[in-house]
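Colleague: Have a look at this fold, sequence not included:
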């Protein structure tokens, strides 16, 4: 079965500390994975996707097929990074995305 | 800029009422989706549509129906609202081939 798991409901770090939001997936074949972010009182928006291998707002995510993971990382967290983060996997039939449960990141001053 | 709009930000309805949630996108996307967002459960797919007049059940379609009469509009209908349908409802449209989904601001529905 296709599944996305984000094991942490809440992650709290201090400003300037490294951040890693975990995402594990279950999928047969080559997955397409995304990270979405929702800042307070804003709509959910795409942060990055693994295919483009880009860094957005200092965040990166590497697909590790051996560990079936797509963890989101940032070396130095900022207070404005505080938000809800969702990992998502594209279904192997069509455009459906399967979302994880979400991780709330809180960056303290 | 892609715009996805939803008819209401907040809605309060009584148990048993029929509820309509409207979603409109302005980017000519074929694919549209309805999710509900609940703390600890993430986004759960209710219904989706890949074309006009086409609809497919998602993971939690019970108690809901949808309508897609025009490409830009995707409506979610709660036939008889119940308290367990109190939630945040998110609409999204999707571009192919990147499969990026663009979300509306959400409708927070409270059923009393």
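Modeller: Looks like it arrived, so ask away. Source: prediction; values computed, not measured.
Colleague: which bits of chain B sit near chain A?
Modeller: Contact residues of chain B with respect to chain A, defined by CB under 8 Å from any CB of the partner chain, are listed as B:4, B:31, B:33, B:35, B:40-45, B:48, B:50, B:58, B:90, B:92, B:94, B:96, B:98-106. The way it works is simple: take the backbone N, C-alpha and C, and place the C-beta from them, glycine included.
Colleague: which regions of chain B lie under the pLDDT threshold?
Modeller: Per-residue confidence for chain B (pLDDT under 70) gives these ranges: B:1-2.
Colleague: let's see 90
Modeller: Low-confidence segments of chain B, defined by pLDDT under 90: B:1-2, B:39-41, B:53, B:95-100.
Colleague: for it, what spans make up the strands?
Modeller: Counting by DSSP state E, chain B forms strands over residues B:4-6, B:10-13, B:19-25, B:31-38, B:42-49, B:56-57, B:64-70, B:73-78, B:87-94, B:101-103, B:107-111, given from the N-terminal end onward.
Colleague: Residue A:25 is nearest to which of these?
Modeller: Relative to residue A:25, the nearest member of the strands of chain B by CB to CB is strand B:42-49, separated by 13.4 Å.
Colleague: dump the residue contacts of the most centrally placed residue in chain B.
Modeller: The centre of chain B sits closest to residue B:34, judged by CA atoms, centre = their mean, with a distance of 3.0 Å. Contacts here follow CB atoms under 8 Å, 6 or more residues apart in numbering or on different chains; on that basis residue B:34 touches B:21, B:23, B:45-48, B:58, B:64, B:66, B:74, B:76, B:89-91.
Colleague: Closest one of those residues to residue A:64?
Modeller: Sorting those by how near they are to residue A:64, with CB to CB, puts residue B:45 at the top with 26.0 Å.
Colleague: Mean neighbour count, the strands of chain B: which tops it?
Modeller: With neighbours taken as mean count of other CB atoms under 10 Å in any protein chain shown, these reach their highest mean count in strand B:101-103, at a mean of 25.
Colleague: So in that sheet, which strands flank that one, and in what orientation?
Modeller: In the sheet containing strand B:101-103, the strands it pairs with under DSSP bridges are strand B:87-94 (antiparallel).
Colleague: So what touches the partner strand?
Modeller: For strand B:87-94, contacts defined as CB under 8 Å, 6+ apart pick out A:44, A:95, B:2, B:4, B:6, B:21, B:23, B:25, B:27, B:29-38, B:43, B:46, B:74, B:76, B:100-104, B:106-109.
Colleague: go with 6 Å
Modeller: Residues from elsewhere that reach strand B:87-94 (CB atoms under 6 Å, 6 or more residues apart in numbering or on different chains): A:95, B:4, B:6, B:21, B:23, B:25, B:29, B:31-38, B:101-104, B:106-109.
Colleague: What distance do you get for residue A:18 to residue A:59?
Modeller: Using CB to CB, to the nearest Å, one gets 11 Å for the distance from residue A:18 to residue A:59.
Colleague: List the residue ranges of chain A that fall below the pLDDT cut-off.
Modeller: Filtered on pLDDT under 90, chain A yields the residue ranges A:1-2, A:28-30, A:49-56, A:62, A:91-95.
Colleague: Residue numbers of it in contact with chain B?
Modeller: Contact residues, chain A versus chain B (CB under 6 Å from any CB of the partner chain): A:43, A:44, A:46, A:90, A:95, A:99, A:100, A:101, A:102.
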